[in-house]
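Trainee: I'll drop the sequence and a predicted model, then ask my questions.
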Amino acid sequence: MEGTVTDIVAAAGDWFREHGLAVLIILVVVLVLHAAGRRLIGKAVRKAEKVDSLLPLDAEIEGKRQETLVRIFEGLFTVVLWTVAPLMMLSQAGIAIGPLLAAAGAAGLAVGFGAQYLIHDLISGIFIILENQYRVGDYIMVGGIGGEVEDISLRKTTLRDLDGVVHHVPHSEIKIVSNRTRSFSRVNIDVSVSYATDIDVAAAVIDRVGREMAADPDWQEELIEPPAFARVEELGDSGVILKVIGDTRPGVQLRVAGELRKRIKQAFDAEGIEIPFPQIVVHRGKGAAGDD
C-alpha cells in the first residue's frame, strides 16, 4: 500500500514537472491578460471614440456610448480568451485536443443549422454597435415599442417604456430604429386657440414664453433653441391649432414640453387668450317645435 501511494505521489510530481507547471503558467498569464486587456480596451475605446454630432460634445451622452462599447468589447475579449485558454491548458496537460476540436466542429455545424436566428441576432448586433445607431440611455422606437435603452448585448436590446415595462428586442427583429435622443431632441407641441384670437398676438405670447424659459437658470441648460411659434398647423373643429417647436438636449424633450405647456397656459390666461374645448352648435330651422 505504501508503495502504491509513493508511486502515485511520484507520478503526480513527474506530471506536474512535465505538464502542471506549464498549465499553471498559462492560467496565470490568462488571468493577467484578462485584467490588462479589460483596462486596455477601456482606454482604447475612449481614445478612439470620435464625436459624430454637429453639437458640442456632451460628456454624459458620450460617456454612455463609451460604456456600451467597452462592455461589448470586454465581453467579446473575455469569451475568446476563456475559449482558447482551456484548449491550451488541455494540450499542455497531455490531452489530445484534435478529437475535441473535431467533435466541437461537428457539433457546431449541427447547432448552426438550428441557430440561424441567433447568428442573425449576433451579426445585426455587431452592425448596430459599430454604426452607433443608439446607445445605453437613448430613447428609441422599435417596431411600435418606445423606451429607454437599458442594455445592449450582441443578441438583444433591452428597453424600458414610460410605464416601466421592460421589453427585450432580438436584433434580428429590428428593421427600423427611430432614435429620439440622437445629437439633439425637439419639443414639438400643438396649442389650440379660439377662432376669435388674434394669431399674431398668440404667436408673440408663445415666443415670449419660450425666451423666458430659455433665460430661466433651471431650464437654460436643457434648451438649445428657445421654443417658438412655427406655423398655423390646422384649422380645427373647435379652434386654430398652432405649432410650437424648440430644440433641447437629448432625452429631456418630454420634461421640457410639459413645462412649456404649463407656462403657455398661464400666459394665455393672463392675456385673456382662450384655449377652446369641443363644442356643438345646434341650428334650428324654421317651423321647429317651439318656434313662434
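Mentor: Everything's here; your move.
Trainee: Pass me the low-pLDDT residue ranges in the chain, would you?
Mentor: Per-residue confidence of the chain (counting by pLDDT under 70) places the weak regions at 1-3, 5-20, 48-65, 92-115, 279-281, 283, 285-292.
Trainee: Show me it divided up by domain.
Mentor: 2-96, 129-179, 185-271 (automatic domain parsing).
Trainee: how about those, which one is nearest V282?
Mentor: Between V282 and the domains of the chain, the shortest separation by C-beta to C-beta is 14.7 Å, and it involves domain 185-271. C-beta here means a position set from N, CA and C on the backbone, and glycine is covered the same way.
Trainee: Just want the phi and psi numbers for the closest residue in space to S178 that isn't next to it in sequence.
Mentor: If you skip the residues right next to it in sequence, S178 has M141 as its closest partner in space, 3.9 Å away by C-beta to C-beta, 6 or more residues apart in numbering. M141 adopts backbone torsions of phi -120, psi 130, taken as degrees, to the nearest 10.
Trainee: Give the burial count for M141, as a bare number.
Mentor: Applying the criterion other C-beta atoms under 10 Å, we find 14 residues in the vicinity of M141.
Trainee: do the same with H34
Mentor: Summarising burial for H34: neighbours were counted as other C-beta under 10 Å, giving 15.
Trainee: Let me know whether it touches T78 as I believe.
Mentor: Yes. With contact defined as C-beta atoms under 8 Å, H34 counts as touching T78 (6.8 Å).
Trainee: how about G137, secondary structure?
Mentor: Assigned state for G137: coil (three-state reduction, DSSP: H, G, I helix; E, B strand; the rest coil).
Trainee: I meant P217, not that one.
Mentor: When the structure is split into helix, strand and coil by three-state DSSP, P217 lands in coil.
Trainee: cool, H120 as well?
Mentor: Look at H120: counting by three-state DSSP, its state is helix.
Trainee: Which residue is the nearest non-sequential neighbour of it?
Mentor: Closest residue to H120 apart from its sequence neighbours, by C-beta to C-beta, 6+ apart: S172 at 4.0 Å.
Trainee: Run the chain-centre distance for stretch 163-175.
Mentor: In terms of C-alpha atoms, centre = their mean, to the nearest Å, the centre of stretch 163-175 is set 11 Å apart from its chain centre.
Trainee: Equivalent analysis for stretch 124-144, please.
Mentor: Computed by C-alpha atoms, centre = their mean, the chain-centroid distance of stretch 124-144 equals 6 Å.
Trainee: how about that stretch: buried residues?
Mentor: For stretch 124-144, the neighbour count (16 or more other C-beta atoms under 10 Å) marks 124-125, 128-129, 133-140, 142 as buried.
Trainee: likewise stretch 213-226?
Mentor: Burial within stretch 213-226, assessed by neighbour count using 16+ other C-beta under 10 Å, is assigned to M213, A214, W219, E222, L223, I224, P226.
Trainee: so what secondary structure elements neighbour the top helix by length along the chain?
Mentor: Ranked by residue count under DSSP state H, the longest helix found in the chain is helix 59-92. Contact partners of helix 59-92 among helices and strands, from 3 or more C-beta pairs under 8 Å, 6 or more residues apart in numbering; DSSP states H and E: helix 21-48, helix 98-114, helix 116-130.
Trainee: rewinding a little: for L118, find the nearest of the domains of the chain.
Mentor: Across the domains of the chain, the minimum distance to L118, taken as C-beta to C-beta, is reached by domain 129-179, at 6.9 Å.
Trainee: From E271, how far out is P250?
Mentor: Taking C-beta to C-beta, to the nearest Å as the criterion, P250 is separated from E271 by 33 Å.
Trainee: more neighbours, these two?
Mentor: Under the neighbour definition other C-beta under 10 Å, P250 and E271 were set side by side, and P250 has more, 22 against 13.
Trainee: Right, I'll call it a day here.
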